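Undergrad: One predicted model, sequence on top.
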Amino acid sequence: MNYADLFRVTLPETMLEIAALLVLVADLAFLRKAGLKARVFSAILFGILGCGAAFWALQYTAGSSYYFGSALMLWQWGSTLVAQAGILILTALTLFLLAGENFTRHIGEFVAVVLMAAAGGMIVASAQDLLVIVVGLELLSLSLYILTAFAKTSGKSAEAAIKYYLFGGMSAAFLLFGFSYLYGITGSTNLDQIRQAILLQGPNPLLYVAWILVVAGLGFKVAAVPFHLWAPDTYEGAPAPAAAFIASVSKVASFALLITICQGAGRSPYNSADTHLDFNEFARLYVIFHATWYNFVAILLMVAAASMIVGNLAALAQTSVRRLLAYSAIAHAGYMLLALGTFQPHLPPATQWQSISIESALSLMIGAQSPLLYYVLTYGLTTIGAFGVVAVVERATGSDRMDSFLGLHKRNPVLAAVLLVLFLSLAGIPPLVGFWAKFNLFAAVLSVSAGPVPFALVALAVAMSAVSLYYYLQVLKRAYVMPAVDETPIKTHPVTLLVLVAIAAAVVLAGLFPTLLQGWIEAAYR
Amino acid sequence: MLAWTIYLSFAGALLQAVLPKGKNSLSRWLALATAVAGLAIGVQTFIAGAGQGLTTVVDLPWVPTMGIHFLLAADGISRVLVLLTGLAAVCGILFSWNIELRTNEFFAFFLALIGGVYGVFLSFDLFLLFVFYEIAIVPKYFLIAIWGSTRREYAAMKLALYSFVGSAMVLIGLLAAYATAGSHSTGLVALAHANLPVSFQMWCFPLVFVGFAILAGMWPFHTWAPTGHVAAPTAASMLLAGVVMKLGAYGCLRVGIALFPHGLDAWGFSFIGIGSWRDVFAVLAVIGIIYGALVALAQTDFKFVIGYSSVSHMGFVLLGLMTLNQIGMTGAVLQMFSHGIIAGLLFAIVGRIVYERTHTRQLAELEGMHLSKRLPFAAWAFVIAGMASMGLPGFSGFVAELQVLIGSWIANPWWTTAAGIGIVIGVAYTWRALQKAFFSDAPVHAHDHPHEDGHAFAAITWPEITGVTLLAGVSLAVGIYPRILLDTIEPAVKALLAGGAQ
């Protein structure tokens, strides 16, 4: 236990918290009398500066870790680092979207809570210990409940928040219950030690109970079927920036956590130096572990398949664009869970058993992780943009029904073009980034795990994304094809428009040059 | 040089998208200039490429970690189809000269579609080919949904979903082939040499082939074609029938047959005379030929006649591909070109020259209008196009279908016999449409169209004359001297057969 180490490792989170406090102080102490515009400006400015400072701090914490005793608590490397950087960028984009918003007068508090949620997300992403995971998740979740309820004058917002809160509390209970089983079985709260203990003890029926409970808890966070019921209501009722934040940042953090749990942020059980096993003994245990592990994976894959099917089919019937985005988010969560199903412990050949280094073992793992991170980051980016467009249309027309998009190409051609790019990217049309993300993910699934089951699941995913084109086109049809009822131009705040255009441009560019982002992700593992 | 066909088209599309509204004339001329430039490049490389084999145009690493290259190359088949695309693009723009609604957006989508089509024909990397193939889906949807006619939103969505489902099947095949080959390259040549296991080819071939054949209008997945063609604005139906259906057939050939040649091997057992995927698809092609022709015979809507005739004619392409011999496959490629020209001409006459003046496509209503006297240009243009479509000697269709029939006789005489019936029905439906629409003796029903009989139809404009002359001239030229194209197609087919069907 060393507070200096702890401070160094959590420097980015600290930056965010300081920024949150500064926002509050500035807003409540100095700008009490100022107009809403000035307060919004100051809140956004401090928020974005906070994200920038945290981003700057990331380079100093990269590769660092924090131990409590011999147990690894926080680790900033590989998937963690990528997810943290992604969280900061996506948070900053969400803050930009606040520029034209008018759902609340308490903008300082909103930004402060957003920053705290981002800090929670970063802790979740880097946590290596059950207790730290719970602390991070609670910080993230509680902030999200508040954000959802922030539109005080809207009944829908309150309804969404209470639903989100009830489901969230339930799933947190499931998760804690599952964690308590894991602790009971292995005697440790540390993920590495839990993995080793499972490897050494062999299978245990209670493990399955623990895993199902954990999947239920985390399935809620990523809105996977059958734990998805909160998502449509929350996406519909929450203020648009809050919904965008839930759909992007919270997803990135949760998937980073799932990666950590499934793979130990790039570690596998044989990396531990103190097991002192000979290779044959290890190989025997490994086979048992693999079989046990596969049961866990099977649960994930079932959830993934259900999410893809239910998400895509239910989206077909939606008339509210926000609900449509919620069901599409469920479907996308299904594709991403598919990639988690490919994670498996890797047995080095007997000849390398003595000589294998942690680094080379880590490089064996990267294949399945980086496509998933790529997917969740680009999905987050696209979905923030989509919510940004929906928010603008909603402010102008008073509703997020599909019919309020009628004639958008006349009312605001730039906004319509942004919508076109983002929705086609979500549908997976090349050369946009959504296509590349899907291709990369599915190719990784097939090349990591051969066999009929992964293949059938990928085929299902591809078929389901063909279904998804229908509902994305329903919105685009209204924006471009069907005649407008009302042709008054829709005005956008210049900052909002600029950010939305930048997001659309990023979606196009990252799709045309997929190696840019991929190289950046893989650099984090070096 | 060839790569500029793609770049120019997309640049043109982008330029059209940002063009200020209301500059319709400028927008038209810009679009025409873009398409003519593409055609000029196509013609130039066609002439320069005579006798050359596969030439690489551009080869840049795109995603090095996965072995994906931005690899554009051309062989004889590509050069012929690029030429066809250029012609279809120029004529399509000529026949959409009268579009006044959102003109610049129309040409933006049109040119984006053309760019995607060029890209498919020139890609020699499977991934890149797929990317261009999917890029072509979106502009098709908007072209039909915004500027179309009869049940346009339904037809556009149907076409988009059929295409997307087809491309999803191709994507699954692509992923599976990539994972199975383990060669870390998606180049078509590299994958063809990856020695994919026969059992793998056996199931991957039909998946990919059907995926592409959906867009080629293979029975029973053809239903998007008639509705799509009818609903589309003239230029879009010219492109759909002219080049987009060829994308599917081209994919069947370039990806399906060339990458998975063993997928066509015999299964080792046979069921009612069908012993391989080759038999299955050949039979489906023959059914398509006869079914398309029979349904065309029963249509009351002039445009539906042409729409179903496309299904029938594309059957010849698929049948030619399934012969797996030099003459049959050469015929298939020539038929792609020939049908692209003839279908374009037919749709132009029906959708633009006739419909824009009579405002009806019902054969029963056209019967009373005596169009042969009132629109002699349209009537005689349709006579020429009809003769070409029926496969009369002297037109490109004759050479192409003859070669396909000879090739299929070598492969299986029954196929030829059945397809021959399709040709006879083809004569019948063309004749019927010609007679009803233009040369009918039916008395004038003055009370049916009181407002139409008093005044003459608008005069034929120069873009229409240019377009018709260009298309009819090309069909005639290829029909009289087919060696212009055959000299380019034959070596490429030979190389493909030698490289593919080991």
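TA: Now that the structure is in, tell me what you want to look at. Quantities reported herein were computed from a predicted structural model and do not represent experimental measurements. Residues are numbered from 1 along each chain as shown, chains lettered A, B, ... in the order given.
Undergrad: Distance-wise, check residue A:102 relative to residue B:170.
TA: 47 Å (C-beta to C-beta, to the nearest Å). To be clear about C-beta, it is placed using only N, CA and C from the backbone, and glycine gets the same treatment.
Undergrad: Next, the buried residues of the helix or strand where residue A:464 lies.
TA: Using DSSP states H and E, residue A:464 maps to helix A:452-480. Neighbour counts over helix A:452-480 (16 or more other C-beta atoms under 10 Å in any protein chain shown) mark A:454-455, A:457-480 as buried.
Undergrad: after that helix comes which helix or strand?
TA: helix A:494-512.
Undergrad: List the buried residues for that next one?
TA: A:496-497, A:499-501, A:503-504, A:506-507, A:510-511.
Undergrad: cool, and stretch A:514-525?
TA: A:514-515, A:517-518, A:521-522, A:524-525.
Undergrad: With stretch B:478-486 instead?
TA: Buried-residue list, stretch B:478-486, by 16+ other C-beta under 10 Å: B:478-479, B:482, B:485-486.
Undergrad: ditto for stretch B:416-426
TA: Here stretch B:416-426 shows B:416, B:418-419, B:422-423, B:425-426 as buried, counting by 16+ other C-beta under 10 Å.
Undergrad: For it, list the C-alpha coordinates in CSV.
TA: C-alpha atoms of stretch B:416-426 as CSV (Å, rounded to 0.1, in the frame of the first residue of the first chain):
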residue,chain,number,x,y,z
THR,B,416,-29.7,-26.1,-75.1
THR,B,417,-33.0,-27.6,-76.1
ALA,B,418,-34.8,-26.0,-73.2
ALA,B,419,-33.1,-22.7,-73.7
GLY,B,420,-34.0,-22.8,-77.3
ILE,B,421,-37.6,-22.8,-76.4
GLY,B,422,-36.9,-19.7,-74.4
ILE,B,423,-35.6,-17.9,-77.5
VAL,B,424,-38.8,-18.8,-79.4
ILE,B,425,-40.9,-17.3,-76.6
GLY,B,426,-38.6,-14.3,-76.7
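Undergrad: how far does it sit from the chain's center?
TA: Taking the mean of its C-alpha atoms, stretch B:416-426 sits 21 Å from the chain's own mean (C-alpha atoms, centre = their mean, to the nearest Å).
Undergrad: can you check stretch B:90-97 too?
TA: For stretch B:90-97 - counting by C-alpha atoms, centre = their mean - the centre lies 16 Å from the chain centre.
Undergrad: Could you pull up the mean pLDDT of it?
TA: Averaged across stretch B:90-97, pLDDT comes to 89.
Undergrad: Would you mind putting the CA coordinates of that stretch into PDB?
TA: Provided in PDB are the C-alpha atoms of stretch B:90-97 (Å, rounded to 0.1, in the frame of the first residue of the first chain):
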ATOM      1  CA  VAL B  90     -23.200   8.300 -70.900                       C
ATOM      2  CA  CYS B  91     -26.500   7.000 -72.300                       C
ATOM      3  CA  GLY B  92     -28.100   7.000 -68.800                       C
ATOM      4  CA  ILE B  93     -27.200  10.700 -68.400                       C
ATOM      5  CA  LEU B  94     -28.500  11.500 -71.900                       C
ATOM      6  CA  PHE B  95     -31.800   9.900 -71.100                       C
ATOM      7  CA  SER B  96     -32.200  11.700 -67.800                       C
ATOM      8  CA  TRP B  97     -31.700  15.100 -69.400                       C
END
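Undergrad: tell me, which helix in the chain spans the most residues?
TA: If you meant another chain, say so; for now it's chain A. Looking across chain A with DSSP state H, the single longest helix is helix A:358-397.
Undergrad: hm, I was asking about chain B
TA: Chain B, longest helix under DSSP H: helix B:152-181.
Undergrad: For that helix, name the packing helices and strands.
TA: Contact analysis of helix B:152-181 by 3 or more C-beta pairs under 8 Å, 6 or more residues apart in numbering or on different chains; DSSP states H and E lists helix A:433-448, helix A:452-480, helix B:126-135, helix B:137-147, helix B:188-192, helix B:198-215, helix B:224-231 as its packing neighbours.
Undergrad: please redo it, this time with the cut-off set to 6 Å
TA: If you count contacts as 3 or more C-beta pairs under 6 Å, 6 or more residues apart in numbering or on different chains; DSSP states H and E, helix B:152-181 packs onto helix A:433-448, helix A:452-480, helix B:126-135, helix B:137-147, helix B:198-215, helix B:224-231.
Undergrad: Make a markdown table out of the ones you listed and add mean pLDDT and distance to residue A:405.
TA: Supplementary listing: the helices and strands packed on helix B:152-181 in a markdown table, determined by pLDDT from 0 to 100; distance: least, C-beta to C-beta, whole Å:
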| stretch | mean pLDDT | distance to residue A:405 |
| --- | --- | --- |
| helix A:433-448 | 88 | 20 |
| helix A:452-480 | 90 | 4 |
| helix B:126-135 | 92 | 24 |
| helix B:137-147 | 89 | 15 |
| helix B:198-215 | 91 | 29 |
| helix B:224-231 | 87 | 23 |
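Undergrad: where do the strands sit along chain B?
TA: Along chain B, counting by DSSP state E, strands occupy B:55-63, B:68-74, B:266-271, B:274-276.
Undergrad: can I get the ones you listed in a markdown table with mean neighbour count, mean pLDDT and distance to chain A?
TA: Formatted as a markdown table, the strands of chain B follow (neighbours: other C-beta atoms under 10 Å in any protein chain shown; pLDDT from 0 to 100; distance: least, C-beta to the nearest C-beta, whole Å):
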| stretch | mean neighbour count | mean pLDDT | distance to chain A |
| --- | --- | --- | --- |
| strand B:55-63 | 14 | 87 | 6 |
| strand B:68-74 | 23 | 90 | 9 |
| strand B:266-271 | 10 | 82 | 20 |
| strand B:274-276 | 16 | 83 | 24 |
